[in-house]
Structure formats: C-alpha cells, structure tokens
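Visitor: Quick one: sequence plus predicted model below, questions after.
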Amino acid sequence: MMQFEDLSFMNILTRLLLLLLFVPAIMTGCGSSPGPDSISSHKPQSPGAALDCLRCHSPVNPSLDPLQTNGSDSAGKHIAHVTGGGFACTQCHFNYTSHATHMNGTMDPLDSAVVIVYFDSTNPTPPAQWDNSAATCSSLVCHGATNTLEWYGTGTSFSGCGSCHSSAVGTRRQITGSGGDFGWNPDNSSHHVTGSSDPNRDQCLVCHDQSEHIQGTVRLRNADAGASIAYDPADPSSLEPFCLSCHDANGANGNFSPFSDGSTLGVVPNTAGVKIKESWEKQYGHRRKGLTCLGDGTPGTGCHGNYNSGTGAGTINVHGSGNAGLLSNKLTLPILPWDTAWDESRYKLCLDCHNNYPSLHTISQLAGVADGGNYAQSAPFYTQWPYSVGFMVTGFRDYLSYTYDRQYNLHLYHLLDAMSGWSYRGDRFSDSIPTCVTCHNVHGVDGQYYYLWDEWNFSIVNSSGTEYGEVANGNFSGSHYPDFCAFNCHWDGNYRYPRSPFNEAKAVASDTSGSSGLASGDTVTIYFSDSTNGPVIDETNINTVLALSGGHSWIDGDKGGISGQLTAVWSSANGKTNNVLTITIFIVHPGIGDPTIAAGDTITFDLTTIKDTTSAGNPIRGSMTLRGDF
C-alpha cells in the first residue's frame, strides 16, 4: 500500500523550528564539533572531488559563497580558478576540515588568526605562503616564486590555460606562447591542435582531466570511457590507452573533430588517424617488440614525442613537434624531388633505433651495392650509391627495370630523386620522394612480409622460373590510403616487380705477376652473389661472354707460335657453387699484340652463357666496372 508523507500541522511546525535552529549555524559556522551536521563528517563524493563545501558555501547565503567574491563584485580569484579553471576547492584549501580556524564564525580573511588557505604539499616549491594581513599568496609553483598575487583584487579573471602555462616555472616547461608547444612557436611544424595560435581552454580540456590539477601529475582523459589516465614519466606505456582511445575507428568517442580546429580524423591529411589502434594490435609490429606510442625514440619507449631540431634529441611531448607526425626524432616528411643529395639523417628515427639491433639490416646493407658491381651502373636519375658492400642483401631488387636492361637496388632507388611521385598524406601536389613509411606500416600488420601494408596483399610468386614480388591490383592514383603513389609504379600487367635472379657481380683486377702494368700472370676475379652453372670460358668465347668496353680484348694477339692461353677457373665460396671466376692473363711478347683490358673497363655479360642454378636457368645479366689495378 502506498504511503504518503505526513504533512500535518505538527510536522510542518517541527521542520520550521529545526530550520530556525540551523540558520545561525550557517551564518556563524557549520559547527566544528563532531556530529552529523559537522562539515568534518562529510566525505568526498568521488576521488579527486571537492568536499561537500556547498552545504554551507552556496548562493543561499551570499556572505559564505566564494563565487560571489564576498559581495565585492570584483573579478575575484575564486571565479578565475573555480569557474574559469575548473579547480576543486581542495586544491588550495587542502585538508581544511582538520583546521581549528575553520567554521569559527570569523569571515574577515585579514584576521591573522584565520588560516583559510592551506596548499597541497605537492604544489609549492619552496613552501607556499599565505599572507593573511595582505590577503596575498606567494612562492607558488604555479605562479612562480617571485609573483605576489592579490587574491581579492580587481584584476582580470581567468583568461585560459595560458594564464599559468605561458612561461616556464621550475621544472615545468612553457606550454603556450612563442616559446611553447603550439602554433605560436615557429619551430614547431606539427601539432595535435592545428593552427597558428594556441588552443583555447575547451580544446585543452578535450585531453586533460583537471579533477586533480596542480597536484604534480598530468592526468588525461580516455576519450571512449571518460576515465582519468595518470601519466607516469617512468612508464611511457601509461599513456598508450589515452592515445589509442582517439586513434581508433570511432575517433574521440564518435567525434572526429574533437578540437574544433578544422582538422578531421580519417580524411586527408589525417587519413591514418583512425587506423592506428587497429594496426597497433595486429600480429606483427613494434608493439610486439615491446615499444609503446610515446617516448624519446630509444628502444623500449616509443616513436612519438617531440623532436628538437636544435639538439636533435627527443622528449615526451605530444603538444607539438619540429617534425611531421609529432615524432621524437628526425624523419623527414615529405622529401621534395629537388632535394636530391643523399642525406642519411633524414631517417634518424628509424636508423638510430634499428642500429641497436644486430639482427636487423643496417641502412648500408639495405641501400648498398658493390662498388663497380653488376648493380652499380650509371643510369639516368640513378647516379649515386652512398654505400659499398660486398653484395646486396636486400631482396628488394629489380634486374629488368622494365624498359631498361639493368639492375637496381630498389631500396636505394626509392630513396633517391629518381622515384619522385609519391603523394605525402594524400597531397597529390607534393610529388615527394618515398621514405620508409611509404611502404612499411610501422604500427603493425598481419602479413609477415617485411611489415608492408596489409592493403597491398604482398606475396612472392614464381613464374617460369623467375621470382616476383606481387602486390594487389589496387588504386595507385593517390585517392585512398595507403596507396599514395602518383602513378602506376609496379605495373607489368600484374602489379609486380621481378626480384630474381639475384645476380650481382663485381670484377677486381690484381697485380699478381709483380710486374708494373698489365703483365702475364695478372688476374681478374669476378665474384657472383649466388651459385652459377660454371660454364667453360676460354680464349674462344671470353671476348663475347664477358665483352669489354671500348673494343678492348682479353687475348694476346701475337703469341709467336706459343700454344699457351689465358685461363678461367671456377671456384666455390661462402656456401655457394661456382660463384668465383678467376681469369689469369697470358702474354707472350710484352708490347706486341698485348691484351688491351684495363682498369675502368665495363664488362658486359652475353645474356646466354653464365646462368644461375634455378630450374629456369636465368642468365646473369648486366655489366660491371673493372675495379682494382694491374
């Protein structure tokens, strides 16, 4: 049976009497003695929230309401900090209920016996001072040790986060202004909040949780769950949930423009922004190697933070950076085609980290070719190879080059001006040079092939004995992510490039005779990167099989009836078969009909005789420059 509240005359009279008894307590203090009506009995409503201060300090009684500035109508720092800054009462009135001067009925803060301000011990360095006689505070970390602040003055109210964060104080860096992290700092080209000015307070609060502000810990918001995330400087992974809560398929809990700065996640130039969480949780990637989102670029931390172009060092700061993508070390993006000089420092973020792992190839291995070898051929737009190695180790190579019969180390080729045409972040007009992240999804992939984008569906196929790297028949017009190529780069009808035979070779001349200049007994050694069929080579075919440039010859043209001739002997090394060919020069009468071979000659294969050992028997192709000397 429903029961109704007793509204009898006696009940109403009783309530009125109780209210009259309570009003003096509001006027003179809520009662400092223990009991159900004492403010000391009220507990925080939630972690980090203020005590139930509004039980007494409310608009019901303006003389106790701090947001009325005690009737002064001045700007009031309560308004600046509470209404403007969102600070909780306990930030400045820390543990106030334990102080005997609270609720003693004295309202004048100039009374030296009343201690109404007591700061959290994590705030002041050195200890903050509240001067009752002047109603000022000093030595606060948040305002600087030299500032004296007039609490009940008529100055302007809270003007945004820059009121405190526009200068460096103690160990806290400057956040806003020309030396800060955002658009007013000309050294920072990349920002979370875009634009040429600083973000406003509402934009700051998209990421920052201020429920326990100025307590020494940076707290951020999980965009999906709304939970507070405390940043531990000793553990950069503590911020990973924060990063991934925005960089997922639904953006900031369904909001793809959380900062109202004109930037939108999921569209150019921020197309990848909504794919990062999905990639990061895939089977292969940096996360599986113990990395996290943020860091200073060293192993065990992360790749995003802040790049300082002056020092070349990284720190954890995701407000702004001197490099694209808020990276913690240098990765130049984009590289414009007219910037043609090789510069390894463009790739410091990737290389500095990978050089710490002996199991991974270095840049010299990935981009190197044998000096004078089969792949080091002069060709249009391909005139520099900054690294010389014994033989190439990368499988990313091309022996046909489509319209040219020559070899390329495709890692090097892509990192040089020859391969301009990549559209950085969907900008079809950037026409930039590809870089590491053009082809490699460093966040994570499901395919095991070299961290190439899953969308490419990269595979290795074999056709008629020739091995190919094959990618999906995608749209390479720069219209969708990640295929930001400006033209069809891998096209032979199947979007693939040939990658075998791996036939780099180099030739070295040696003065094995001990005589000055070319002499009988001197040698030319040709080293092959893989096994060959080891065919017979002698004076009857050598000028054809290994043709020399400039009409030069291997053979002595005047032997005077002597039956001897040059020799070409195959040997095996490094687990390969017939991969070293040693040719010994034969000269009968020095100065008469001598061979004309010379250091610097180009040696060209005949595309028929020397072959690899695959079932197809692919011929060794191309040419090499004779290095060394006789």
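Guide: On my side now, so go ahead.
Visitor: Going by C-alpha atoms from here, please, whenever you check contacts or count neighbours.
Guide: OK.
Visitor: part of a strand, is residue 527?
Guide: Yes: Residue 527: assigned to a strand according to DSSP: H, G, I helix; E, B strand; the rest coil.
Visitor: For it, which non-adjacent residue is closest in space?
Guide: residue 580 (4.8 Å; C-alpha to C-alpha, 6 or more residues apart in numbering).
Visitor: who touches the one you found in this structure?
Guide: Residues near residue 580 by C-alpha atoms under 8 Å, 6 or more residues apart in numbering: 525, 526, 527, 528, 570, 571, 572, 573.
Visitor: now it, which residues is it bridged with?
Guide: Note on residue 580: beta-bridge partners by DSSP bridges are residue 527, residue 571.
Visitor: Kindly provide the distance from it to residue 392.
Guide: Distance, residue 580 to residue 392, by C-alpha to C-alpha, to the nearest Å: 16 Å.
Visitor: With residue 271 instead?
Guide: Distance check for residue 271 against residue 392: by C-alpha to C-alpha, it reads 35 Å.
Visitor: When these two are compared, which one has more neighbours?
Guide: More crowded of residue 271 and residue 392, by other C-alpha atoms under 10 Å: residue 392, with 24 against 16.
Visitor: Pull the contacting residues for the more buried one.
Guide: 365, 366, 367, 368, 369, 370, 409, 504.
Visitor: Most neighbours among those residues, please name it.
Guide: residue 369 (29 neighbours).
Visitor: and that residue, what does it touch?
Guide: Applying C-alpha under 8 Å, 6+ apart, the residues near residue 369 are 375, 376, 385, 387, 388, 389, 390, 391, 392, 409.
Visitor: Can you flag the buried ones in those?
Guide: Listed as buried from the contacts of residue 369 are 375, 376, 385, 388, 390, 391, 392, 409; burial here means 16 or more other C-alpha atoms under 10 Å.
Visitor: Please verify my assumption that the third one contacts residue 368.
Guide: Yes: using C-alpha atoms under 8 Å, residue 385 and residue 368 qualify as a contacting pair, with a distance of 6.7 Å.
Visitor: Quick check: neighbours shared by the two?
Guide: residue 412.
Visitor: ok, the residue nearest to residue 527 to residue 535 distance?
Guide: 12 Å.
Visitor: how far does stretch 218-226 stretch from start to finish?
Guide: 15 Å.
Visitor: Can you give me the buried ones in it?
Guide: Of all the residues in stretch 218-226, those buried under the rule 16+ other C-alpha under 10 Å are 218, 219, 220, 221, 222, 223, 224.
Visitor: So which of those sit within helices?
Guide: Using DSSP state H, no member of those falls in helices.
Visitor: Reformat the residues you listed as TSV; add distance to residue 398 and pLDDT.
Guide: Listed next are the buried residues of stretch 218-226 as TSV, based on distance: C-alpha to C-alpha, whole Å; pLDDT from 0 to 100:
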residue	distance to residue 398	pLDDT
218	51	89
219	51	91
220	49	94
221	49	94
222	47	96
223	47	95
224	47	94
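Visitor: quick check, nearest of these to residue 247?
Guide: Nearest to residue 247 out of those is residue 223 (C-alpha to C-alpha; 9.7 Å).
Visitor: quick one, what contacts the closest one?
Guide: With contact taken as C-alpha under 8 Å, 6+ apart, residue 223 is in contact with 207, 242, 245, 246, 252, 253.
Visitor: out of these, who has the most neighbours?
Guide: Counting neighbours by other C-alpha under 10 Å, residue 246 leads the contacts of residue 223 with 25 neighbours.
Visitor: Which phi and psi values does it adopt?
Guide: Note on residue 246: backbone dihedrals following degrees, to the nearest 10 are phi -100, psi -40.
Visitor: Let me see the confidence value for it.
Guide: pLDDT, the model's per-residue confidence, is 96 for residue 246.
Visitor: do you know how far it is from residue 286?
Guide: 19 Å.
Visitor: Could you do residue 518 as well?
Guide: With C-alpha to C-alpha as the criterion, residue 518 and residue 286 are 55 Å apart.
Visitor: Can you pick out the residue with more neighbours from the two?
Guide: Taking neighbours as other C-alpha under 10 Å, residue 518 and residue 286 compare with residue 518 leading, 26 against 22.
Visitor: Please name the nearest non-neighbouring residue to that one.
Guide: Excluding the flanking residues, the one nearest residue 518 by C-alpha to C-alpha, 6+ apart is residue 630, at 5.3 Å.
Visitor: Tell me who's in contact with the one you found.
Guide: 509, 510, 511, 512, 516, 517, 518, 519, 522, 598, 599.
Visitor: Likewise for residue 266?
Guide: 256, 272, 273, 274.
Visitor: So the nearest residue to the second one once chain neighbours are set aside, which state does it fall into?
Guide: Which is residue 272. Using C-alpha to C-alpha, 6+ apart and skipping residues adjacent in sequence, the residue nearest residue 272 is residue 266, 6.2 Å away. Under the three-state scheme (three-state DSSP), residue 266 adopts coil.
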